[in-house]
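In: Take a look and give me a structure for this.
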Amino acid sequence: MPAYYSSSTIEFLHQSVSNVLGELTAANARFGFLTTETAQVEAWQEEIDILATALAQLHLRVPNSVEWGILLEFPIPRRQQRVDVILLAHDVIFALEFKCGTSDQRWTAMRQVEDYALDLSDFHAPSHNRLIIPIVVAPGEVTTAGIPSIHNVKPVTCASPVRLSTVLLSEFSQYSRPESTQIKLADWNHGIYHPVPTIIEAATALYAGMSVREITHSHAGAHNLTRTTDFVLRVVAEAQGNNQKIACFVTGIPGAGKTLAGLNVVHNPDILGNGRPASVFMSGNGPLVDILREALALDSAHRTRKSKKIARREVRTFIQNIHHFVHDNLEREDNQPPYEHAIVFDEAQRAWNANQNRRKYSKRSQSWHISEPEMVLKIMDRHRDWAVIVALIGGGQEIHHGEAGLPEWGRALQAKYSHWRIVASPEALQGGESVAGGILFHQDYSNLNVTEDSSLHLNTCIRSHRAARLTEWVNRMLAGDSAGATNIAQTFNSFPILVTRDLSEAKTWLSQNTRGVRRCGLVASSGAARLRAYGLETSKAIRDAYSYPRWFLAPRGDVRASYQLETVATEFEIQGLELDRVGICWGGDFAWNNDTQAWKAAEFKGTKWSYAGANKRIVQTRNKYRVLLTRAREGIIIWVPKGDDADSTRDIVSMDNTADYLLQCGAVLLTLHPHGSV
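Out: Numbers count the residues shown, from 1 in each chain. Okay, the predicted model is just below:
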């Protein structure tokens with residue numbers, strides 16, 4: 001996706017302003033903008049004038065700068081935005097953003113251009129291992145914001161138009177290496193861009209009409225993701241064409257893109273082919289549904305100029321809570337099928353079992369006293385022609401009492417819905433690490449129509465683009481395999497896993513190392529009740545009263561945002577979502593026991609920790625920490641409290657043992673330098 005305009009700087013200076021404006025306007029039309037607003041044309045004209053003056057001055061001081069490349073309006077696909085100006089200055093890349101107005105606007109622009117530079121460094125192949133210097137051109141004194149970093153992106157500088165040439169010259173003189181060669185304009189402009197979007201970015205892009213291919217072109221992970229979504233779309237078409245009912249089971253490791261695959265299916269234009277009604281994305285994860293709905297609604301309202309109320313109402317038809325779907329449809333007559341012929345059920349292994357439903361719906365009829373997989377099958381089976389259930393399965397993430405797991409789907413299909421065709425990944429049928437050893441069928445299923453296909457398994461982590469093996473590290477560490485975990489950790493060259501015993505140090509590191517508009521936040525287990533002693537609350541009452549859509553979506557400066565590092569998200573709020581940098585607050589509910597060389601789990605009751613039934617609790621608590629430990633895209637810091645001799649609920653030995661074990665697994669003890677960097 002090349003820039004609107006590109007040339008050498010000498011060619012740029014020899015072109016008239018009207019010619020450059022003409023190319024920008026024509027490119028804007030090619031990108032789907034039918035008209036170019038007058039304000040945009042005026043802004044471009046001002047930028048061109050400023051650039052022409054600065055480059056003419058540079059040519060006098062640096063003769064070889066006539067060979068530099070200049071690009072105007074270079075797209076950043078992951079952000080659905082464009083960098084105002086890119087200067088390819090010999091071997092250095094300048095990213096320029098032009099702004100005017102208040103200091104707050106300049107500060108926002110500095111964060112924005114820094115984020116563009118980070119995206120280029122991470123995802124744009126010709127920018128890998130290149131020095132990138134972000135600059136905001138705005139009225140005011142020259143200022144630099146950011147911290148010294150080993151990262152290839154330097155701290156962002158703000159320069160006034162009249163000082164632009166001076167700043168460019170100073171930075172170029174400091175960082176350019178004479179022995180290097182000029183970056184080739186055409187190669188850089190048409191270089192491969194491999195963005196790895198967050199689930200919120202992906203959801204908004206898909207809802208806006210982009211395809212999964214456009215928003216994530218990244219290596220094997222995206223190829224696998226595209227193959228999976230294409231396969232599921234073929235299953236839907238086959239079900240309709242052959243009047244079949246099909247249950248499709250997609251598996252994947254944490255961060256491999258299961259949710260993204262599901263969202264892509266329901267938003268894909270092909271799903272509406274041949275008169276098919278719209279499909280819907282469903283989840284029993286209430287916070288995930290609320291956060292995705294709000295993100296899509298805010299983005300839609302911004303793009304379409306609709307009111308937020310209308311946008312929120314429209315979004316609700318595409319993303320639904322599975323429990324609400326069941327409530328609306330379960331007791332209807334058999335001749336009243338749901339509107340949707342195809343549904344995607346995210347984290348389907350977390351559907352409730354029959355015992356949980358009997359407890360929850362004890363006063364309702366017997367039709368409610370069955371497992372949630374059976375409920376969903378019963379509802380979708382009412383269709384007389386065809387129906388598809390796409391169940392997205394994540395292993396080792398059952399975190400709530402009464403979650404049925406993958407086998408409950410198999411039991412329901414064998415007992416009452418054997419006429420359904422089953423299409424599943426090898427892991428769903430044979431077990432494996434990605435499904436935490438669970439399998440769909442525990443007994444012979446030769447009487448069923450079952451197809452196994454590897455296209456339905458996602459085995460590459462695309463969330464943590466700097467540490468593809470993060471899930472493996474977490475699994476080894478939680479399994480007590482410190483040697484195996486250490487071997488994996490040694491491959492994480494640019495993905496820090498840090499340990500600190502000081503909460504304030506953890507907050508400082510998160511604040512000062514989360515650059516651009518990347519997002520950081522604190523997470524903790526819902527069972528870590530004694531974090532209250534440190535000012536962090538994990539109780540359900542507090543979490544229910546807090547706006548987690550704001551926590552995930554609000555910008556810096558909003559006291560409700562995750563950036564404030566005042567409120568934690570637990571496994572219930574964070575599951576299915578991610579942050580760029582995560583601060584994990586370790587609790588007394590899960591601690592390493594040096595004597596047994598194993599984890600111990602506890603529940604806080606009244607005034608003390610209870611270890612009764614710990615063998616049953618260990619699996620669920622381990623899964624909670626698995627969720628927390630696999631949420632980060634760019635780095636983790638784990639705060640293990642020191643404990644307190646005067647408080648028996650904050651055991652010093654347990655916390656010391658836990659911190660030591662994490663370090664044995666390859667985590668690194670945090671050492672802060674003056675600016676908060678490691």
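
In: Check the gap between residue 224 and residue 460 for me.
Out: Applying C-beta to C-beta, to the nearest Å, the value for residue 224 to residue 460 is 6 Å. C-betas here are computed from N, CA, C, even on glycine.

In: same thing with residue 230?
Out: Distance from residue 230 to residue 460, by C-beta to C-beta: 16 Å.

In: cool, residue 326 as well?
Out: Residue 326 is 33 Å from residue 460, by C-beta to C-beta.

In: pretty sure residue 64 is touching residue 89, no?
Out: No - in this structure, residue 64 is not within contact of residue 89 by C-beta atoms under 8 Å, at 9.5 Å.

In: Show me which of those two is the more surrounded one.
Out: residue 89 (27 against 12; other C-beta atoms under 10 Å).

In: Could you give the bridge partners of the more buried one?
Out: Residue 89 has the following beta-bridge partners by DSSP bridges: residue 92.

In: Now do the strands for the stretch 501-650 of the chain: every range, in order, please.
Out: 520-524, 568-569, 579-585, 590-593, 598-601, 603-605, 608-610, 632-639 (DSSP state E, counting those that start in this stretch).

In: Please tabulate these in CSV, including the columns distance to residue 167.
Out: Below are the strands of the stretch 501-650 of the chain laid out as CSV (distance: least, C-beta to C-beta, whole Å):
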stretch, distance to residue 167
strand 520-524, 29
strand 568-569, 40
strand 579-585, 28
strand 590-593, 50
strand 598-601, 53
strand 603-605, 56
strand 608-610, 58
strand 632-639, 28
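
In: Please render these as TSV that adds mean neighbour count to the earlier fields.
Out: Output for the strands of the stretch 501-650 of the chain, formatted as TSV (neighbours: other C-beta atoms under 10 Å):
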stretch	mean neighbour count
strand 520-524	25
strand 568-569	26
strand 579-585	24
strand 590-593	21
strand 598-601	18
strand 603-605	14
strand 608-610	15
strand 632-639	26
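
In: I'd like those written out as CSV, with mean pLDDT and distance to residue 261 added.
Out: Listed next are those as CSV, based on pLDDT from 0 to 100; distance: least, C-beta to C-beta, whole Å:
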stretch, mean pLDDT, distance to residue 261
strand 520-524, 98, 24
strand 568-569, 96, 24
strand 579-585, 96, 21
strand 590-593, 96, 31
strand 598-601, 94, 32
strand 603-605, 93, 35
strand 608-610, 93, 40
strand 632-639, 95, 18
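
In: so residue 331 touches residue 367, yeah?
Out: Yes - under the criterion of C-beta under 8 Å, residue 331 makes contact with residue 367 at 6.3 Å.

In: chain center to the helix or strand residue 70 falls within: distance?
Out: Element membership of residue 70, judged by DSSP states H and E, is strand 69-76. Here strand 69-76 is found 26 Å from its chain centre; the criterion is C-alpha atoms, centre = their mean, to the nearest Å.

In: who does it pair up with?
Out: The strands that strand 69-76 pairs with in its sheet are strand 5-8 (antiparallel), strand 81-89 (antiparallel) (by DSSP bridges).

In: show me what contacts the residue nearest to the spatial centre of the chain?
Out: By C-alpha atoms, centre = their mean, the mean C-alpha position of the chain lies nearest to residue 198, the distance being 2.9 Å. Applying C-beta atoms under 8 Å, 6 or more residues apart in numbering, we find residue 198 in contact with 578, 580, 633.

In: quick one, what contacts the second one?
Out: It stands for residue 580. Per C-beta under 8 Å, 6+ apart, neighbours of residue 580: 198, 514, 518-520, 632-635.

In: tell me the domain ranges of the chain?
Out: Using automatic domain parsing, the domain ranges for the chain come out as 5-189, 218-284+319-458, 470-669.

In: Let's have those domains in a markdown table, adding distance to residue 298.
Out: Listed next are the domains of the chain as a markdown table, based on distance: least, C-beta to C-beta, whole Å:
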| stretch | distance to residue 298 |
| --- | --- |
| domain 5-189 | 14 |
| domain 218-284+319-458 | 14 |
| domain 470-669 | 7 |
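
In: right, so of these, which gets closest to residue 308?
Out: Shortest distance between residue 308 and those, using C-beta to C-beta, is found for domain 470-669: 12.3 Å.

In: quick one: terminal-to-terminal distance for the closest one?
Out: Terminal residues of domain 470-669 lie 18 Å apart, using C-alpha to C-alpha, to the nearest Å.

In: Next, count neighbours for the nearest residue to residue 29 once chain neighbours are set aside.
Out: Sequence neighbours aside, residue 36 is the residue nearest to residue 29 in space, at 7.6 Å (criterion: C-beta to C-beta, 6 or more residues apart in numbering). Close neighbours of residue 36, defined as other C-beta under 10 Å, add up to 16.

In: which SS class is residue 36?
Out: coil (DSSP: H, G, I helix; E, B strand; the rest coil).

In: residue contacts, it?
Out: 24-25, 28-29.

In: what's the closest of those residues to residue 479?
Out: Nearest member of those to residue 479, counting by C-beta to C-beta, is residue 28, at 54.0 Å.

In: Go ahead and confirm that closest one touches residue 21.
Out: No - with contact defined as C-beta under 8 Å, residue 28 does not count as touching residue 21 (10.4 Å).

In: re the thing from before, format the contacts of residue 580 as a markdown table; extra columns: distance to residue 361.
Out: Shown next, in a markdown table, are the contacts of residue 580 (distance: C-beta to C-beta, whole Å):
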| residue | distance to residue 361 |
| --- | --- |
| 198 | 36 |
| 514 | 44 |
| 518 | 43 |
| 519 | 38 |
| 520 | 40 |
| 632 | 38 |
| 633 | 39 |
| 634 | 43 |
| 635 | 43 |
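
In: Which of those residues sits closest to residue 58?
Out: Residue 58 lies nearest to residue 518 out of the contacts of residue 580, by C-beta to C-beta, at 31.6 Å.

In: Quick check, that closest one in contact with residue 578.
Out: No - using C-beta under 8 Å, residue 518 makes no contact with residue 578, being 11.1 Å away.

In: ok, back up a step: deepest in the core, which of the strands paired with strand 69-76 is it.
Out: strand 81-89 (a mean of 23; mean count of other C-beta atoms under 10 Å).

In: Let me know the helix or strand that residue 494 is in.
Out: Assigned by DSSP H and E, residue 494 falls within no helix or strand.

In: Tell me how far it lies from residue 467.
Out: Residue 494 is 8 Å from residue 467, by C-beta to C-beta.

In: Between these two, which has more neighbouring residues?
Out: Between residue 494 and residue 467, counted using other C-beta under 10 Å, the more crowded position is residue 467 (26 against 12).

In: And the pLDDT for the more buried one?
Out: Residue 467 is assigned a predicted lDDT (pLDDT) of 76.

In: What separation is there between it and residue 255?
Out: Distance, residue 467 to residue 255, by C-beta to C-beta: 10 Å.

In: quick revisit: and residue 28 and residue 21? which has more neighbours close in?
Out: Ranked by neighbour count (other C-beta under 10 Å), residue 28 and residue 21 place residue 28 first, with 20 against 17.

In: Residue 89 versus the more buried one, what's the distance?
Out: 26 Å.

In: what does residue 588 give?
Out: Distance, residue 588 to residue 89, using C-beta to C-beta: 54 Å.

In: residue ranges for the helices of the stretch 151-300 of the chain, please.
Out: 164-175, 185-189, 199-207, 212-215, 219-241, 258-267, 286-304 (DSSP state H, counting those that start in this stretch).
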